[in-house]
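1. sequence first, predicted coordinates after that:
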Amino acid sequence: MSLAKINNKTFTAHLYLDGRPMVLNQQRLQQALYDPRITNGEKLDAEVALADSRKPSIITLADHEDDTPLVLKFVPKGNEYIINLELPGTFEGAQLFIEDTTENLLASTSAPVQYFSFRTASVLKASLSDIDPGPAYVELISKPSNRPLYRHVSRGVNAFVSAQPNATGHNAFNQLPATFVIKLIKQPPVAA
Amino acid sequence: MNKNKDESMTVYEDEWAFWDDIAGRYIMKHAGADHNIGYVIDAASTYADRMVVARRKRKFEKVPVGDVSRIPATAQP
């Protein structure tokens, strides 16, 4: 294995957890409103959340495994990546960042640049070549804290946090980091 | 989802049989002379309502092409 790894390729990918695609909460809420049998309570909850300034920007999991996954663009910077959303609309060109106080993973068009890296079972700082052969299990690491992302379910909504979500303080209840499946979106080969 | 005792959600006609089944079975299991009837009925309705909502979250598809039907023996015809 060569030590000097060339890591300058931008790639796009989908992320999955428990078989469900990672999506922006805005997508999830809009999808929920398409359901003709939604109860009035659920409908009002979704409408309130969509009108909120923060809630639509939460990165979450789709309600159903068949929902359209979010397209994430990984732009390399050394061994780390800026993760952009490829989503038309209000979040066009938004990037992922960790919110200061809550450590939640959100999307924003105006937040300061933040970097992420990802690791596979065998490679601590993985790059495109490690996941190129096919879908792989990865953990996302937020910089500069160097902490992995955990799944945190609050009021039935999945969110991702970069701090141990165990509020009990007892280490028996510590959670393991979220292990995503990353699936590259294959692009037509570029002539060398 | 309204978690109060007085639920008022709309149940569609093709969901009534399912709703009745859940509520009826709950009452069969839990009703007795020494119980508060109001609580049993509230609980049966809540279970039925919430199962209807949970059922709506699942997608319903035809048997995949190339596979055989797998209706369980205990299912109603």
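-> Done, it's in.
2. which stretches in the chain count as helices?
-> By default, I'm working from chain A. A:25-34, A:40-51, A:128-131 (DSSP state H).
3. I was thinking of chain B, sorry if that wasn't clear
-> Going by DSSP H, chain B shows helices at B:16-30, B:37-56.
4. would CSV of those with mean neighbour count be doable?
-> Heads up, the C-betas are built off the backbone N, CA and C, glycines and all. Below are those laid out as CSV (neighbours: other CB atoms under 10 Å in any protein chain shown):
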stretch, mean neighbour count
helix B:16-30, 14
helix B:37-56, 16
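5. chain A is nearest to which of these?
-> helix B:37-56 (5.1 Å; CB to the nearest CB).
6. name the residues of the lowest-mean-pLDDT helix or strand in chain A that come out as buried.
-> Within chain A, no helix or strand scores below helix A:128-131, which has a mean of 82 by mean pLDDT, DSSP states H and E. Neighbour counts over helix A:128-131 (16 or more other CB atoms under 10 Å in any protein chain shown) mark A:128, A:130, A:131 as buried.
7. just put the helices of chain A in a markdown table and tack on distance to chain B.
-> Shown next, in a markdown table, are the helices of chain A (distance: least, CB to the nearest CB, whole Å):
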| stretch | distance to chain B |
| --- | --- |
| helix A:25-34 | 10 |
| helix A:40-51 | 5 |
| helix A:128-131 | 29 |
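8. what's the least confident stretch among the ones you listed?
-> Among the helices of chain A, helix A:128-131 has the lowest mean pLDDT, at a mean of 82.
9. off-centre distance for it?
-> 18 Å (CA atoms, centre = their mean, to the nearest Å).
10. now for it, which elements pack on it?
-> Taking 3 or more CB pairs under 8 Å, 6 or more residues apart in numbering or on different chains; DSSP states H and E as contact, there are no helices or strands that helix A:128-131 lies on.
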